[in-house]
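Undergrad: Any chance you could fold what I've pasted below:
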Amino acid sequence: MIEVVKPGLETCIQDFPGRIGHWNRGFPPSGPMDSWSFRLANLLVGNPAGAAGLECQILGPTLRFQRAAVVAVCGADMQPTLDGAPLPAWESVAVAQGSVLALGAAKLGARAYVAVAGGVDTPPWLGSRSTFHKAGVGGMDGHALRAGQVVPVARAAGTPGRRVDPAHRPPIAADRVWTIEAVRGPNDDWVDEAGHARFLATDWKLSSKSDRTGYRLEGPQWTFTEKATDKPPEHGSAPSNILDQGYPLGGVNLAGQTPIILVNDGPSMGGFINPYTVPTSAFWKLGQAKPGHVFRFRAVGVEEAQALRREIDAHCSEASLVAAGAR
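TA: Model (predicted):
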């Protein structure tokens, strides 16, 4: 139903919450990096919040609709156009058969989401349509969209003429500095107090060597407790080595001296410590950050992290939507 004229940069099919319950077999959840924007896009067109849609990264695709549809674009500002005319973001719009939707380079933020009434209708794999690039599963053929492919969409009437109230949108700002929440643990006792203070006081730069598996950060050296240096040999020789353990989603994985935030397509286990964990309530910020942006970490407890997640979930509801012309 949707012909891929230009694929953009790693445009892929995702659903929410992704592929749950299979990490013990090496398959991460995947799903949208910014699920806040993703869910609102689906609700705008009348889909369930988790229906499959498109995640567009840095440079968006050009898509031709083979039949009439209702579409919404949310998230990063990729200056979308419909048949050459500006298309309003954060709104549901009726699209005629043969119309062309084009998304450009992200002017603000990093990832935009395209939802179409009915939802992308590719075959689910282990209960999800989400693309997991590194294993080649989900999506169209397990990988980013390619020119010439036709993405199937289920038939649905859709709901045009609605928009997301600005008060309920993620606050994607032009500032290149992001405040990222982080909970101590599970291996915080391997880092000394000077190391913890340094982590929270540092402006960490997001490396270009980052993807949906891990966000690599550039910054100062870490220091450790005696537990990290005086340990049985099976833990490995480097202070950040540990006997293979399960990794949390969002774990700040300390590979040698390089912290890597394990995100949607990250590994389920390995032999490095995780002194902090970024909660899922902060993942929308990770999804909208670009290489070269700065992360400043703010220590929070589990209760605050959970409260932030509930707050975002509350934004992702019909109550956040108004008529397109309403103020």
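Undergrad: ranges for the helices of the chain?
TA: 35-45, 193-201, 226-229, 283-288, 302-315 (DSSP state H).
Undergrad: can you give me how far the second one is from the chain middle?
TA: Spelled out, that is helix 193-201. Centroid separation for helix 193-201 versus its chain: 27 Å, with CA atoms, centre = their mean, to the nearest Å.
Undergrad: Let me see the mean pLDDT of that helix.
TA: Here helix 193-201 scores 97 as its mean pLDDT.
Undergrad: which residues touch that helix?
TA: 182, 184, 188, 191, 220, 222-224, 259, 275-276, 297-299 (CB atoms under 8 Å, 6 or more residues apart in numbering). Backbone N, C-alpha and C define where each C-beta goes, glycine included.
Undergrad: Mark which of those residues are buried, thanks.
TA: Listed as buried from the contacts of helix 193-201 are Ala182, Arg184, Asp188, Val191, Trp222, Phe224, Pro259, Pro275, Tyr276, Phe297; burial here means 16 or more other CB atoms under 10 Å.
Undergrad: From these, which land in strands?
TA: The strands, defined by DSSP state E, take in Ala182, Arg184, Pro259, Pro275, Tyr276, Phe297 from those.
Undergrad: quick one on the thing from earlier: in JSON lines: the contacts of helix 193-201, plus distance to Val120.
TA: Shown next, in JSON lines, are the contacts of helix 193-201 (distance: CB to CB, whole Å):
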{"residue": "Ala182", "distance to Val120": "33"}
{"residue": "Arg184", "distance to Val120": "39"}
{"residue": "Asp188", "distance to Val120": "40"}
{"residue": "Val191", "distance to Val120": "42"}
{"residue": "Pro220", "distance to Val120": "43"}
{"residue": "Trp222", "distance to Val120": "42"}
{"residue": "Thr223", "distance to Val120": "47"}
{"residue": "Phe224", "distance to Val120": "46"}
{"residue": "Pro259", "distance to Val120": "34"}
{"residue": "Pro275", "distance to Val120": "38"}
{"residue": "Tyr276", "distance to Val120": "35"}
{"residue": "Phe297", "distance to Val120": "35"}
{"residue": "Arg298", "distance to Val120": "36"}
{"residue": "Ala299", "distance to Val120": "38"}
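Undergrad: between the residues you listed, which is closest to Val322?
TA: Among the contacts of helix 193-201, Arg298 lies closest to Val322 (CB to CB), at 31.8 Å.
Undergrad: Make sure that closest one is actually in contact with Trp178.
TA: No - with contact defined as CB atoms under 8 Å, Arg298 does not reach Trp178; the gap is 10.3 Å.
Undergrad: picking that back up, so which of the helices of the chain is the most packed in?
TA: Mean neighbour count (mean count of other CB atoms under 10 Å) peaks for helix 35-45 among the helices of the chain, with a mean of 28.
Undergrad: now that helix: mean pLDDT?
TA: Mean predicted lDDT for helix 35-45 stands at 98.
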